[in-house]
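Chemist: just need the structure, nothing else, for what follows:
(chains A and B)
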Amino acid sequence: DTGVSQNPRHKITKRGQNVTFRCDPISEHNRLYWYRQTLGQGPEFLTYFQNEAQLEKSRLLSDRFSAERPKGSFSTLEIQRTEQGDSAMYLCASSHHRDRTTEQYFGPGTRLTVT
Amino acid sequence: QQQVKQSPQSLIVQKGGISIINCAYENTAFDYFPWYQQFPGKGPALLIAIRPDVSEKKEGRFTISFNKSAKQFSLHIMDSQPGDSATYFCAASPRNTGNQFYFGTGTSLTVIP
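Modeler: Purely as a prediction, here's the structure:
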């Protein structure tokens, strides 16, 4: 399977715990995006990387959230001190950046439930 | 503030009919407009996309119509099938930025056999 993969697919955690999600992009893609999707809504942009550099963060990404993409390959998204409002689907997408906007391909997502 | 407004919220169509979903935007910096299909529990899958230099793009049963002056674009699904039942999202991305996508709120399509 050469698509975007995300692990775990589901995560249930108690409020206050830390969680980490992983995304493996399509191998030749140099851009990687994280989005959050709540029930009944479209995905909302969180942050993106070009290779290993994190170039933009949304205001939605509070200081409890951190993302990394070491060596420009896979990426991790960590949420510290989880809150019930963090419950959502966390989606990763990747693209091959050229001069103009290009297609983003999404992974299956990680569904987080904070109890 | 919702950058891309999508309607209707839900749509029921008979098998073989035409499904039409509309989106509108204000930001003239947007230069890429994709449509995504999402099934429950899955990530969004790219269906079709258009740039503002053309007014229409067709791929199989899916057509995007784009009206640059009105800042509107729509997805038409011809000969709708029960397997098309899903949630559809329009999106837009501005040029010369990180190319983040701004998504609409989604349309839940049900195709009745």
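
Chemist: which residues does the closest residue to chain A within chain B form a beta bridge with?
Modeler: Of the residues in chain B, the one nearest chain A is residue B:103, at a distance of 3.0 Å by Cβ to the nearest Cβ. Every residue, glycine included, has its C-beta placed from N, CA and C. Per DSSP bridges, residues listed as beta-bridge partners of residue B:103: residue B:91.

Chemist: burial check on it, number of neighbours?
Modeler: 25 (other Cβ atoms under 10 Å in any protein chain shown).

Chemist: hang on, it packs against residue A:36?
Modeler: No - counting by Cβ atoms under 8 Å, residue B:103 stays clear of residue A:36, with 11.0 Å between them.

Chemist: got the contact list for the spatially most central residue of chain A?
Modeler: In chain A, the centroid-proximal residue (Cα atoms, centre = their mean) is residue A:34; its distance is 3.1 Å. Applying Cβ atoms under 8 Å, 6 or more residues apart in numbering or on different chains, we find residue A:34 in contact with A:23, A:45-48, A:67, A:75, A:77, A:90-92.

Chemist: make it 6 Å
Modeler: A:46-47, A:67, A:77, A:92 (Cβ atoms under 6 Å, 6 or more residues apart in numbering or on different chains).

Chemist: over to residue B:73?
Modeler: Contacts of residue B:73 by Cβ under 6 Å, 6+ apart are B:23, B:33, B:66.

Chemist: buried ones among those?
Modeler: B:23, B:33, B:66 (16 or more other Cβ atoms under 10 Å in any protein chain shown).

Chemist: now tabulate those in TSV and tack on distance to residue A:86, pLDDT and secondary structure.
Modeler: As requested, these are exported to TSV (distance: Cβ to Cβ, whole Å; pLDDT from 0 to 100; DSSP: H, G, I helix; E, B strand; the rest coil):
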residue	distance to residue A:86	pLDDT	secondary structure
B:23	28	98	strand
B:33	30	94	strand
B:66	36	96	strand
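
Chemist: and residue B:106, what does it touch?
Modeler: Here residue B:106 is in contact with A:42, B:87, B:89 (Cβ under 6 Å, 6+ apart).

Chemist: most neighbours of all the contacts of residue A:34, which one?
Modeler: In these, the most neighbours by other Cβ under 10 Å go to residue A:92, 29 neighbours.

Chemist: related to what we said a few turns ago, ok, the contacts of residue B:106 vs residue B:47, which is closest?
Modeler: Residue B:47 has its nearest neighbour among these in residue B:89, at 9.5 Å by Cβ to Cβ.

Chemist: give me the neighbour count for the closest one.
Modeler: 27.

Chemist: what about the closest residue to residue B:7 other than its chain neighbours, neighbour count?
Modeler: The shortest distance from residue B:7 to any non-neighbouring residue, by Cβ to Cβ, 6 or more residues apart in numbering or on different chains, is to residue B:22 (5.3 Å). By the measure other Cβ under 10 Å, the count of residues near residue B:22 is 16.

Chemist: what about residue B:22, which SS state?
Modeler: strand (DSSP: H, G, I helix; E, B strand; the rest coil).

Chemist: and it, how far from residue B:82?
Modeler: Distance of residue B:22 to residue B:82, given as Cβ to Cβ, to the nearest Å: 23 Å.
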